[in-house]
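Participant: Sequence and predicted structure, then a few things I'm wondering about:
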Amino acid sequence: MTDPRKVRVELGARAYDILIGEGLLAQAGKLIVPFAKRQRVFVVSDETVWGLHGEALQAGLANEQIEAVSLAAPAGEQTKSWAQLGSVLDWLLDNGAGRDDVLIAFGGGVVGDLTGLAASLMKRGMSFVQIPTTLLAQVDSSVGGKTAVNTGHGKNLVGAFYQPRLVIADTGLLKTLPERERRAGYAEIVKYGLIDDPEFIEWLEVNGADVVALQADAIAKAVAVSCEAKARIVAQDEREGGIRALLNLGHTFGHTLEAANGYGSALLHGEAVGTGMALALRYSVRAGLMNGQDAERGCRVLAASGLQTELSKLDGGPYEAGDLAEAMKQDKKVRNGRVPLILARGLGKAFIYPEADLADVKLFLQEELGKS
């Protein structure tokens with residue numbers, strides 16, 4: 001195999017590398033040895049990922065005589081829960097885990113978020129490594145140290161900023177992903193272009209189909225460019241006090257759509273974000289910030305992959321504007337009936353719009369739902 005691409009997340013004493021390439025799982029032991037003080041690691045995965053790739057990870061660790069103590073949680077967004085967090089912590093304590101052990105998150109964003117939060121809480125902090133197995137996790141959720149579980153009040157409302165020691169993004173693992181999961185991850189790739197990289201949007205207009213199809217050069221570049229973009233923003237604003245909020249483009253709308261579906265399988269996170277970004281672009285037009293041609297071009301980049309950009313045609317639901325607006329009130333930054341949104345003045349020109357009027361957002365959603 002060729003040498004992996006390396007992206008550095010510059011956070012001083014908490015800095016770490018993201019390694020990107022095909023076949024990295026076979027080198028897992030070699031890559032993790034510098035962080036392991038014992039000949040064992042703890043691995044949290046989900047039942048689907050462990051069934052597909054668990055033996056390969058164990059073999060990669062065994063090359064350096066490292067034993068994997070594993071836990072496979074149920075697959076799905078419902079696993080990001082209080083109950084499952086407690087189960088992971090009890091499992092770690094039952095097996096004698098300590099602060100000098102390494103905990104590996106081996107799965108998609110759900111496993112990464114859950115495991116990272118458990119690592120932050122375990123005896124006030126144990127080392128953890130991200131091995132993301134979905135496209136969405138490789139380009140987004142495994143990087144930047146956001147960890148969380150969901151509650152009945154909303155998504156990701158209980159969590160912590162806690163950085164991994166290393167991220168191993170083996171693009172070969174993506175070959176077992178269904179096409180729907182690949183499209184969901186592609187939404188987050190498009191996001192980085194929409195935020196501040198119009199040249200990347202142009203590249204995706206030509207190469208997007210190859211990215212979704214996992215053509216080797218295309219997927220390696222897309223993952224690397226995405227990780228570089230996120231690393232650059234996180235290095236400037238680790239705890240989302242300012243510019244890091246740009247990474248939430250499409251997410252305020254998207255999270256409300258997920259909530260309307262009970263965070264179930266009818267709507268994947270990336271699918272919700274894809275529609276959410278389209279809504280953010282069109283709301284930008286409504287607010288007089290962006291011209292309609294640019295907004296529709298951005299929507300076409302999303303739609304070309306099969307992502308749904310029309311709320312009125314989105315799977316799941318049913319969706320009702322009042323319910324969606326009400327769900328937005330759970331956003332951590334809502335004040336006095338106004339919600340901060342990430343909007344755009346053009347493609348690659350996203351910015352923080354601090355006080356969108358929820359009443360106007362509700363009217364906008366009613367209009368979007370009324371489209372035929």
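Facilitator: Okay, I see it.

Participant: In terms of residue numbering, what are the domains of the chain?
Facilitator: 5-176, 179-369 (automatic domain parsing).

Participant: The lowest-mean-pLDDT helix or strand in the chain pairs with which strands, and in what direction?
Facilitator: Here the helix or strand of the chain ranked lowest by mean pLDDT, DSSP states H and E is strand 154-161, holding a mean of 89. Strand 154-161 pairs in its sheet with strand 146-151 (antiparallel), by DSSP bridges.

Participant: tell me the average confidence for the partner strand?
Facilitator: Summarised as a single mean, pLDDT over strand 146-151 is 94.

Participant: circling back: tabulate the domains of the chain (CSV), appending mean neighbour count.
Facilitator: All C-beta spots, glycine's among them, are computed from the backbone N, C-alpha and C. CSV is the format used below for the domains of the chain (neighbours: other C-beta atoms under 10 Å):
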stretch, mean neighbour count
domain 5-176, 20
domain 179-369, 19
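
Participant: what mean pLDDT would you report for stretch 117-128?
Facilitator: For stretch 117-128, the per-residue pLDDT averages 97.

Participant: could you point out where the stretch 101-250 of the chain is predicted with low confidence?
Facilitator: Nowhere does the stretch 101-250 of the chain drop to pLDDT under 70.

Participant: What segments of it are helices?
Facilitator: For the stretch 101-250 of the chain, the helices defined by DSSP state H, counting those that start in this stretch occupy 109-121, 135-136, 179-196, 198-212, 216-236.

Participant: which residues are in contact with the fourth one?
Facilitator: Contacts of helix 198-212 with the rest of the structure, by C-beta atoms under 8 Å, 6 or more residues apart in numbering, involve 179, 182-183, 186, 189-190, 192-194, 217-219, 221-222, 225, 229, 298, 301, 304-306, 346-348.

Participant: Could you do the last one as well?
Facilitator: By C-beta under 8 Å, 6+ apart, the residues outside helix 216-236 that reach it are 5, 7-11, 18, 20-22, 135, 138-140, 143-145, 167, 169, 171, 174, 188-189, 192, 195-197, 200, 203-204, 207, 210-211, 242-244, 246-247.

Participant: Downstream of it, the next helix or strand is which one?
Facilitator: Sequence-wise, the next helix or strand downstream of helix 216-236 (DSSP states H and E) is helix 251-260.

Participant: same for that next one, what does it pack against?
Facilitator: Helices and strands touching helix 251-260, as assessed by 3 or more C-beta pairs under 8 Å, 6 or more residues apart in numbering; DSSP states H and E, comprise strand 154-161, helix 269-286, helix 321-328, strand 338-344.

Participant: by how many degrees do the shortest one and helix 269-286 diverge?
Facilitator: Spelled out, it's strand 338-344. Between strand 338-344 and helix 269-286, the angle comes out at 90 degrees (axes from the mean of the first three to the mean of the last three C-alpha atoms, to 10 degrees).

Participant: Just the C-alphas of strand 338-344, formatted as PDB.
Facilitator: Output in PDB follows, covering the C-alpha atoms of strand 338-344 (Å, rounded to 0.1, in the frame of the first residue of the first chain):
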ATOM      1  CA  ARG A 338     -34.200  34.000  17.700                       C
ATOM      2  CA  VAL A 339     -31.900  31.200  16.500                       C
ATOM      3  CA  PRO A 340     -28.400  31.500  15.100                       C
ATOM      4  CA  LEU A 341     -28.200  29.900  11.600                       C
ATOM      5  CA  ILE A 342     -25.200  29.300   9.300                       C
ATOM      6  CA  LEU A 343     -26.200  31.100   6.100                       C
ATOM      7  CA  ALA A 344     -24.300  32.100   3.000                       C
END
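
Participant: So what touches the next helix-or-strand element following that strand?
Facilitator: Heading C-terminal from strand 338-344, the first helix or strand you meet, by DSSP H and E, is strand 350-357. Strand 350-357 has contacts (C-beta under 8 Å, 6+ apart) with 194-196, 242, 245-246, 249, 283, 287, 289, 335, 337-345.

Participant: do you know how far the residue of the chain positioned farthest from its centre is from Gly98?
Facilitator: Computed with C-alpha atoms, centre = their mean, the residue of the chain farthest from its C-alpha average is Gln65, at 31.7 Å. Distance of Gln65 to Gly98, given as C-beta to C-beta, to the nearest Å: 20 Å.
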